[in-house]
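Trainee: predicted model, plus sequence, below.
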Amino acid sequence: MVELRPEPQYATLARQTETAQLGMWVFLATEVLFFGALIFGYYIYRISYPDQFLLAGQDTKLLLGSINTALLLTSSVTMVASIEYVKRDDIARAAAALFITALLGFAFLGVKGYEYVEDYRDHTVPLLNFLLKPSQHPPAELFWLFYFIATGIHAVHLSIGIVAVLVMAFHTRHRRYSAAYYSPLEVLGLYWSFVDAVWLFLFAAIYPLGRAG
């Protein structure tokens, strides 16, 4: 097992843990402002053009969005499980849970990539091949503009998370973390949970639109 020592700038591991967690919370606060502004802007246009957004929303792939929601929710469970296993010094299962988390993340990106291809075939990609359907007017394109910007930025965040999870899995497998010190996993868990939470907001804003009632 790797000897546990704090970084030179910290007196103890406890202080190092507190600093790392505080740093992540501050970072997530800035991310909330970013995604919050994006979603707020979306709802301003949705209220301004309700009929056009309802018509545009009917062309989203509800099944694929639901599958991705299930994948991310499951990945949150495996992420939490990895931390719990480390707390028990069950390193093998902790590393396995992290690898499964990354695999679920890759599955999400795969489904999203397939969904993008289907969107392109349906001519719903602004600036590339967007075509208005019957009863649709130019504001309908605003819906799809938000869709690709928001889901694309989310996919970037998820990709970063996947890389971080794989790095943590490698370190965990080599027993860099244990019941005595697992702060990096907790910090990563905060980030992963945030990315999952953002997706839930995006799913609620995008996919049920035009299908209620």
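Mentor: Happy to help now that I have it.
Trainee: the helices in this structure, which residues?
Mentor: 13-48, 50-57, 62-87, 91-121, 139-173, 183-206 (DSSP state H).
Trainee: helices or strands next to the last one in the packing?
Mentor: Using 3 or more CB pairs under 8 Å, 6 or more residues apart in numbering; DSSP states H and E as the contact criterion, the secondary-structure elements in contact with helix 183-206 are helix 13-48, helix 62-87, helix 139-173. C-beta: built from backbone N, CA, C; applies to glycine.
Trainee: in the protein, which helix or strand is least confident?
Mentor: Here the helix or strand of the chain ranked lowest by mean pLDDT, DSSP states H and E is helix 13-48, holding a mean of 88.
Trainee: so, low pLDDT: which residues of this structure?
Mentor: Within the chain, the ranges that satisfy pLDDT under 70 run 1-13, 210-213.
Trainee: what about the residue lying closest to Tyr114 once chain neighbours are set aside, how many neighbours?
Mentor: Spatial nearest neighbour of Tyr114, excluding adjacent residues (CB to CB, 6 or more residues apart in numbering): Leu64 at 7.0 Å. When neighbours are counted by other CB atoms under 10 Å, Leu64 registers 17.
Trainee: shouldn't Leu64 be in contact with Gly113?
Mentor: No. At 10.4 Å, Leu64 does not count as touching Gly113 under the criterion of CB atoms under 8 Å.
Trainee: about what we covered before: distance-wise, check the residue nearest to Tyr114 relative to Leu71.
Mentor: Look at Leu64 and Leu71: by CB to CB, to the nearest Å, they are 11 Å apart.
Trainee: any common contacting residues for these two?
Mentor: The contact sets of Leu64 and Leu71 overlap at Val111 (CB atoms under 8 Å, 6 or more residues apart in numbering).
Trainee: helix 139-173 and the least confident helix or strand of the chain, what's the angle between them?
Mentor: Orientation of helix 13-48 against helix 139-173 (axes from the mean of the first three to the mean of the last three CA atoms, to 10 degrees) gives an angle of 170 degrees.
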